[in-house]
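> Fold the following and give me the result.
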Amino acid sequence: MRSPIPVQMLEVFKARLARITESNGYYSNAGAALYEGYLAEALASDERSSYPFIALQPGVDRRLGKSSGGRLRRQVEFHFVVVDRLDEGVTSRLLQHGDDVIHAVADRNNTDFVDGLALDCQVLDVEYNIPENGGPVAWAAVPVTADYQLILPA
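Got it, this is the predicted structure:
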């Protein structure tokens, strides 16, 4: 059986994010370290010495419309979170990380829609987090939504 469409989309996004390296013209090498899972879990369970890294997190998979002829229109959300050390210059680096992720995952000319897996794809507002009380890390989170069609078996 083929993987669910959201899993296939995640694989496309992972390949795109893995291209975030300085040798490919990006600001950092964040794409060299991809982590699947929630950010808190990544930070708590892993003694990371390599920053920045990208945490790939699932979001909501919601129904967009009623079923028609065995077809459901759905929208899945992903969060791509670039984590970096909280030290001098972090604000500039977070802005660069957000820019890198947008350039890596955005569909070109609004035509390929996640390599044809989605009906529509949107890169949403980048959210930056620099903890007020300090801490070892800060991050830039880029949410992406992708609409897709689920065809139910007869």
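> Quick one: mean pLDDT over the lengthiest helix in the chain.
Longest helix in the chain, counting residues (DSSP state H): helix 90-105. Per-residue pLDDT over helix 90-105 has a mean of 97.
> same question, stretch 143-154
For stretch 143-154, mean pLDDT rounds to 89.
> Identify the residues contacting it?
5-6, 9, 13, 59, 64, 67, 70-80, 105, 113-114, 117-125, 127 (C-beta atoms under 8 Å, 6 or more residues apart in numbering). Using the backbone N, CA and C atoms, a C-beta is placed for each residue, glycine as well.
> Which strands or helices does the longest helix of the chain pack on?
Under the contact criterion of 3 or more C-beta pairs under 8 Å, 6 or more residues apart in numbering; DSSP states H and E, helix 90-105 touches helix 5-18, strand 71-85, strand 120-123, strand 127-129, strand 137-151.
> export the ones you listed to TSV and tack on distance to L95?
Supplementary listing: the helices and strands packed on helix 90-105 in TSV, determined by distance: least, C-beta to C-beta, whole Å:
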stretch	distance to L95
helix 5-18	18
strand 71-85	11
strand 120-123	15
strand 127-129	8
strand 137-151	8
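> Tell me which of these sits nearest to D99.
Set against D99 and scored by C-beta to C-beta, these come closest in strand 137-151, at 9.1 Å.
> in that closest one, what's buried?
Buried positions in strand 137-151, judged by neighbour count with 16 or more other C-beta atoms under 10 Å: V137, A138, W139, A140, A141, V142, P143, V144, T145, A146, D147, Y148.
> Mind putting those into JSON lines with distance to S23?
As requested, the buried residues of strand 137-151 are arranged in JSON lines below (distance: C-beta to C-beta, whole Å):
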{"residue": "V137", "distance to S23": "24"}
{"residue": "A138", "distance to S23": "25"}
{"residue": "W139", "distance to S23": "23"}
{"residue": "A140", "distance to S23": "21"}
{"residue": "A141", "distance to S23": "25"}
{"residue": "V142", "distance to S23": "22"}
{"residue": "P143", "distance to S23": "27"}
{"residue": "V144", "distance to S23": "24"}
{"residue": "T145", "distance to S23": "30"}
{"residue": "A146", "distance to S23": "28"}
{"residue": "D147", "distance to S23": "33"}
{"residue": "Y148", "distance to S23": "33"}
